[in-house]
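K.L.:
structure for the following, please:
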Amino acid sequence: MSRLKRTLIVLFVAVGLASCDAMTQVAQMATFAKCNFDFNSVNQIQMLGINLSKGMTKENLNISQGLALVNAITNKSLPVTFNVNLDVDNPNSIAASMAKMDYIVTLNGKQVISTTMNQAVNVPANAKNTISIPVTTDLFQLFSGESADAIVNLAFKLAGASSNPVNVGLKVKPYISIGSQQLAYPDYISLNKTLQ
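P.N.:
Numbering: from 1, shown residues only. The predicted model follows:
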C-alpha cells in the first residue's frame, strides 16, 4: 500500500467521515497526487525596485539605475523579488483543491525562502491552473561567497539575460481544511528548472 493511500485512510479515520463535505475535500486533495505539475516560468522580476524586462542586461540600465546598482554592490545588498509560476494540470474527473500550501524555493541549491501561501487553490476537473509563488530575497546575503559580478548576473539571468545557467528549485506541500483541522499532503512535490 502506498504512503499516499495509507495517509488518506488515516485522514478518513481522523475526520470520522463526519460529512460529505469532509470526504469531498479529502478526495480533492488526493486528486493533487494525480495531477501533472510543470515548472512554467519565473517572471515579474524586480531588482532594487527596477522592473527587469525579458532579456534585460546591466547595459540597459539608465544612469540613475546604474548608480543605484553601484551603491547596492558597495553596500553588499541586492534585494530581488520575483514569481515562480507552477502549472497544475488536472486530467481527472474531479476537482483538485487545497486550502494553503507550504513552499520552498532554491536558487543553485541554496534555499531562498521557506514559507506558507495562505491562499486556496482550485483546479477544476480536466483543466489547468497556474499558481504564482512570490519570492523575496537579498542575493548578496544568499550568495555571500560569490563575486559581486556573479551575483548581479544571477539577477539578470532570472530575467532571461545570457550568462551562466541558474537552477531554480521548487517544493510544494498542499493542505486541506476540515473543520478546525488542517491536514497536510504526505510529501513535498519537487520540481526543478534550469534557466539556460
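K.L.:
low-confidence regions, the chain specifically.
P.N.:
1-26, 28-29, 33 (pLDDT under 70).
K.L.:
middle-most residue in it, spatially?
P.N.:
residue 133 (4.3 Å; Cα atoms, centre = their mean).
K.L.:
list the contacts for it?
P.N.:
Listed by Cβ atoms under 8 Å, 6 or more residues apart in numbering, the contact set of residue 133 reads 83, 84, 85, 86, 103, 105, 117, 170, 172. From N, CA and C alone the C-beta is placed, and that goes for glycine too.
K.L.:
which ones among the residues you listed lie within helices?
P.N.:
Taking DSSP state H, every one of the contacts of residue 133 sits outside helices.
K.L.:
and the helices in the chain?
P.N.:
Under DSSP H, the chain gives helices at 3-15, 20-32, 63-75, 139-142, 148-158.
K.L.:
just to revisit the earlier point, roughly how far does the residue nearest to the centre of the chain sit from residue 57?
P.N.:
With distances taken as Cβ to Cβ, to the nearest Å, residue 133 is found 26 Å from residue 57.
K.L.:
same thing with residue 166?
P.N.:
15 Å.
K.L.:
burial count for residue 193?
P.N.:
16 (other Cβ atoms under 10 Å).
K.L.:
fine by me, thanks again.
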